[in-house]
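Chemist: got a predicted structure plus its sequence, pasted below:
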Amino acid sequence: MISFEEARKTVLDSVRALEPVELPILDALGLVAAEQVISAEKIPPFDNSAMDGYAVRAADTAGASKGNPVELEVLMDLPAGQHTDQPVGQGESIRIMTGAPMPPGADTVVQVELTERAGEGRVRILKEHKEDQNIRRAGEDVAIGQIVAAVGDEITPAKIGLLASVGRSKISVVRRPVVAILATGDELVEADEPLGPGKIRSSNSYTLSSQVRACGAEPVYLGIARDTLDDVRAHLEKGLSADVIVSSAGVSVGDYDYVKTALEELGVEFKFTAVALKPGKPTVFGLLGDKPVFGLPGNPVSSMMSFEQFARPAILKMMGRRRLLRPVVDAVLDEDISKKPGRMSLIRAVARKEGSEYHVTTTGPQGSGILVSMDQANAIIIFESGIEVLKKGERVKTQLIRMPEVE
Ligand code: AMP
Ligand code: MG
């Protein structure tokens, strides 16, 4: 049985970024740029006013104050979206709106709050201004030749705004992986089906599909395979066109556990078939050609945890992401916890920040069927294999899987 670290390294070494595809920028949100985008234009394209006010010559405002205003002629109104070649001469001004281009001759803008109307066509300036006040210079945001997206950059809302600003409505990004999700088990029914005797609803179908979606990848649900070799194989075959296959359950040593045999018959080359981990020990990973295949355990927490630790970073790598792992912090443990030696334990927990330090408490019962413990968790305590006891007050390695907004 291999260690958690070895298993994760094996998985990550087995996958690479998918090929690029050109998408409308809005559809690229959360994906990774596969091309470099260089601006051919200045943003903003021209010097413009940062305020509603008056474009004037700074020299004309010399000595101006509330008690001693300077009066200027107002030549015209200049709203955003228009421009003028009308120069602003000595003793003159143009009433200008935010975003309108600076008229020739003017070298500063007096905001409207520092002025008073002085009858038809005239304005009083109530404060002395230096040159260059309240002006946004051409290219001050983005210069010609500046890189606005580099290969490997994540496409964020701000990135999409920059792309739009420089005139790019499409971008080449690493393709979104399609991930086939399969549930297996004679006991399973779908969420909207009535429970017969001995049946349970398949939560893994939904947790795994939504974990895929949370990565930014596209889940394709293959349904529930019954516990026969033929049905498991037939369902897996429906997933062969996907980029990743993820199944749950049927990988233990029970008489009805056909997933490994079915994967073997399909030609999957196994990289590992168990990990020294709790929960998540019966995790199978292999390659079908270069398609990663995960046979996850069946218990609701185990399948989620195994997905989180192995499938998620692999999918992110296939999406071209450079950072694949959740942050791990040292957190002060607020209770004693213990376990048997031999396997690394991942303990569902709640982490919170107190001052500059993280504190962490478990979510209570840690059975691999207790999905509520996963629901409540925003963190996972990493309880190393060799250790049996962690004491209250100790600093423990804690993975932050879902840190909430603070207010
Ligand atoms: P198995 O590995 O097939 O023995 O399954 C282990 C446990 O996980 C059993 O108690 C199953 O009922 C449960 N289980 C398997 N698949 C699912 C699923 N899709 N949703 C919820 N529980 C499941
Ligand atoms: Mg089963």
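Modeler: Now that the structure is in, tell me what you want to look at. Ligands and ions are numbered 1, 2, ... in the order given.

Chemist: so which bits of the lengthiest strand in the chain are buried?
Modeler: Counting by DSSP state E, the longest strand found in the chain is strand 344-354. Along strand 344-354, the positions that meet the burial threshold by neighbour count (16 or more other Cβ atoms under 10 Å) are Met344, Ser345, Leu346, Ile347, Arg348, Ala349, Ala351, Arg352. In this view, the C-beta of every residue, glycine as well, is placed from N, C-alpha and C.

Chemist: around the closest residue to the fifth one other than its chain neighbours, how many other residues sit close by?
Modeler: If I follow you right, that is Arg348. If the residues on either side of it in the chain are set aside, Arg348 comes closest to Ala377, at 3.8 Å by Cβ to Cβ, 6 or more residues apart in numbering. Ala377 is surrounded by 22 other residues when neighbours are defined as other Cβ atoms under 10 Å.

Chemist: output stretch 51-69 as CSV, restricted to C-alpha atoms.
Modeler: Listed in CSV are the C-alpha atoms of stretch 51-69, where the atom choice follows Å, rounded to 0.1, in the frame of the first residue of the first chain:
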residue,chain,number,x,y,z
MET,A,51,-13.8,64.2,-12.7
ASP,A,52,-16.9,66.2,-13.7
GLY,A,53,-15.6,69.8,-13.7
TYR,A,54,-13.8,72.3,-15.9
ALA,A,55,-10.8,71.8,-18.2
VAL,A,56,-8.6,74.9,-17.7
ARG,A,57,-5.0,76.2,-17.8
ALA,A,58,-3.4,75.7,-14.4
ALA,A,59,-1.7,79.1,-14.8
ASP,A,60,-5.1,80.8,-14.8
THR,A,61,-6.0,79.4,-11.4
ALA,A,62,-3.0,80.9,-9.7
GLY,A,63,-3.9,82.4,-6.3
ALA,A,64,-7.6,81.3,-6.6
SER,A,65,-9.4,80.6,-3.3
LYS,A,66,-13.0,80.8,-1.9
GLY,A,67,-12.5,84.4,-0.8
ASN,A,68,-10.6,85.3,-4.0
PRO,A,69,-12.1,83.3,-6.9
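
Chemist: ok, and what's touching that stretch?
Modeler: Surrounding stretch 51-69, the residues in contact under the criterion Cβ atoms under 8 Å, 6 or more residues apart in numbering are 49, 70, 72, 74, 78, 88-98, 102-103, 105-112, 114-116, 123-131, 133-134.

Chemist: one more time with 6 Å
Modeler: Taking Cβ atoms under 6 Å, 6 or more residues apart in numbering as the criterion, the residues outside stretch 51-69 that touch it are 70, 88, 93-98, 102-103, 106-112, 115, 123-131, 134.

Chemist: how about stretch 144-164?
Modeler: Contacting residues not belonging to stretch 144-164 are listed as 25, 28-29, 31-33, 36-39, 42, 166, 171, 322 [Cβ under 6 Å, 6+ apart].

Chemist: 7 Å instead, please
Modeler: Stretch 144-164 is contacted from outside by 25-26, 28-42, 142, 166, 171, 173, 320, 322, using Cβ atoms under 7 Å, 6 or more residues apart in numbering.

Chemist: go on, stretch 121-133?
Modeler: Outside of stretch 121-133, the residues within contact range by Cβ under 7 Å, 6+ apart are 54, 56, 58, 61-66, 69-74, 93, 107-110, 114-118.

Chemist: the longest strand of the chain pairs with which strands, parallel or anti?
Modeler: With DSSP bridges as the criterion, the sheet partners recorded for strand 344-354 are strand 277-278 (parallel), strand 357-362 (antiparallel), strand 379-383 (antiparallel).

Chemist: can you tell me which helices and strands the helix or strand following the shortest one packs against?
Modeler: Spelled out, that is strand 277-278. Heading C-terminal from strand 277-278, the first helix or strand you meet, by DSSP states H and E, is strand 284-288. Under the contact criterion of 3 or more Cβ pairs under 7 Å, 6 or more residues apart in numbering; DSSP states H and E, strand 284-288 touches helix 259-266, strand 269-272, strand 291-296.

Chemist: measure the closest residue in space to Ala64 that isn't next to it in sequence to Val56 for me?
Modeler: In space, Ala64 comes closest to Val70 once its chain neighbours are excluded; the distance is 4.2 Å by Cβ to Cβ, 6+ apart. Here Val70 is placed at a distance of 9 Å from Val56 (Cβ to Cβ, to the nearest Å).
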